[in-house]
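Undergrad: Quick one, what's the 3D model for this:
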Amino acid sequence: MANNRVTRAGRHSYNTKSNRIRPIRTPGGKLVAQKVVKTSKGPRCADSKVPLQGIKHLKSSAYKNLRKRERTVSRAYGGTVSAGCVRERIVRAFLLEEQKAVKKLLAERANKK
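TA: Numbers count the residues shown, from 1 in each chain. Below is the predicted model of the structure:
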């Protein structure tokens, strides 16, 4: 029977959160330890704190190696604010402008009388 035990590579032998390994069988039939890299929560919306769609969940330092199209979304505030929040901002701005126009119109009508 083959040896099913794996030895950790490196100096530290404890199974801590940052030192996890996964036993992988090589084509030669040998078991070796493969380091498991921690996953990130990914970029989140600045307003609503929901995860942003279309952007990979990587460590902050790994984004520098990506292409620009992989780091952002082609939209206003793409890569920092979610689509729903951008839509909400646009609608809010539009309604404020409409409200100002209505106020102005009512003031003109009041001045006529």
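
Undergrad: When you work out contacts or count neighbours from here on, use the C-alpha atoms and nothing else.
TA: Noted.

Undergrad: before we move on, what SS does the nearest residue to residue 7 once chain neighbours are set aside have?
TA: The spatial neighbour of residue 7 that comes closest, neighbours along the chain excluded (Cα to Cα, 6 or more residues apart in numbering), is residue 33 at 6.7 Å. Assigned by DSSP: H, G, I helix; E, B strand; the rest coil, the conformation of residue 33 is strand.

Undergrad: State the number of residues packed around residue 33.
TA: For residue 33, the number of neighbouring residues by other Cα atoms under 10 Å comes to 16.

Undergrad: And the residue nearest the centre of the chain, how far from residue 21?
TA: The residue lying closest to the centre of the chain (Cα atoms, centre = their mean) is residue 43, at 2.3 Å. From residue 43 across to residue 21, the span is 26 Å (Cα to Cα, to the nearest Å).

Undergrad: can you check residue 53 too?
TA: Distance from residue 53 to residue 21, by Cα to Cα: 29 Å.

Undergrad: now do residue 78
TA: 36 Å.

Undergrad: now residue 103
TA: Counting by Cα to Cα - residue 103 and residue 21 are separated by 66 Å.

Undergrad: and the longest helix for the chain?
TA: helix 83-112 (DSSP state H).

Undergrad: which of the residues in that helix are buried?
TA: 83, 86 (16 or more other Cα atoms under 10 Å).
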